[in-house]
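K.L.:
return a 3D structure for these sequence lines:
(one chain, ligands or ions: 1)
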Amino acid sequence: MGVKVGIIMGSQSDWATLREAATVLDELGVAYEKKIVSAHRTPDRLWAYGKTAVERGLQVIIAGAGGAAHLPGMMASKTRVPVVGVPVQTKALAGVDSLYSIVQMPKGFPVATMAIGAAGAANAGLMAAGILALQDPDLATRLDAWREALSASIPDEPQDD
Ligand code: RP5
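P.N.:
Numbering: from 1, shown residues only. The predicted structure follows:
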């Protein structure tokens, strides 16, 4: 059985954002694959990826795209593997276009849509880890520790610059 998490993105230019998801998964010791799969530029690649996702053992797909961001929704239409969508922040419309393209899925084909940009990508990694942790006690322990460390890093009071 291969990796359980797939990180897919519409373009090389999305990697700067989706890397945040990969970094979190690295910190948590979760293996993943990363692929460029564009709904518009490589539709056959999208179809093949979705068609084989279950048999390849993927359990979560993190899908990020910007602008007319159809990749997450189309992937959700092609596989029952849960899709976590990341709206990439665009220059023209600040990522609101990406968010709207991903979030308003029709009943029957959900995409768990994160926030726009880097925070959304990091949270996508955490969402994927949380899903896998339901069946993986060691990962659950690591995720609990990661969350506790984050909480412990927050100071009680604000500091002057
Ligand atoms: C989308 O178009 C991609 O997901 C990317 O966010 C955006 C721009 O792509 P590039 O022109 O930078 O390749 O399909």
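K.L.:
CA atoms only for stretch 17-36, dumped as PDB, please.
P.N.:
The C-alpha coordinates for stretch 17-36 follow below in PDB (Å, rounded to 0.1, in the frame of the first residue of the first chain):
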ATOM      1  CA  THR A  17       1.000  27.700  -0.900                       C
ATOM      2  CA  LEU A  18       0.500  23.900  -0.800                       C
ATOM      3  CA  ARG A  19       4.000  23.500   0.600                       C
ATOM      4  CA  GLU A  20       2.400  24.600   3.900                       C
ATOM      5  CA  ALA A  21       0.300  21.500   4.000                       C
ATOM      6  CA  ALA A  22       3.400  19.400   3.200                       C
ATOM      7  CA  THR A  23       5.400  21.000   6.000                       C
ATOM      8  CA  VAL A  24       2.700  20.200   8.600                       C
ATOM      9  CA  LEU A  25       2.600  16.600   7.300                       C
ATOM     10  CA  ASP A  26       6.400  16.400   7.500                       C
ATOM     11  CA  GLU A  27       6.300  17.700  11.100                       C
ATOM     12  CA  LEU A  28       3.700  15.000  12.000                       C
ATOM     13  CA  GLY A  29       5.500  12.200  10.200                       C
ATOM     14  CA  VAL A  30       2.800  11.600   7.600                       C
ATOM     15  CA  ALA A  31       3.900  10.400   4.200                       C
ATOM     16  CA  TYR A  32       2.300  12.000   1.100                       C
ATOM     17  CA  GLU A  33       2.700  12.400  -2.600                       C
ATOM     18  CA  LYS A  34       2.500  15.700  -4.400                       C
ATOM     19  CA  LYS A  35       1.400  16.100  -8.000                       C
ATOM     20  CA  ILE A  36       0.400  18.900 -10.400                       C
END
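K.L.:
quick one, phi/psi of the residue nearest in space to the middle of the chain?
P.N.:
By CA atoms, centre = their mean, the chain has its centre lying nearest to Ile62, at 2.9 Å. Note on Ile62: its backbone torsions stand at phi -100, psi 120 [degrees, to the nearest 10].
K.L.:
do you know how far it is from Val5?
P.N.:
Here Ile62 is placed at a distance of 7 Å from Val5 (CB to CB, to the nearest Å). Using the backbone N, CA and C atoms, a C-beta is placed for each residue, glycine as well.
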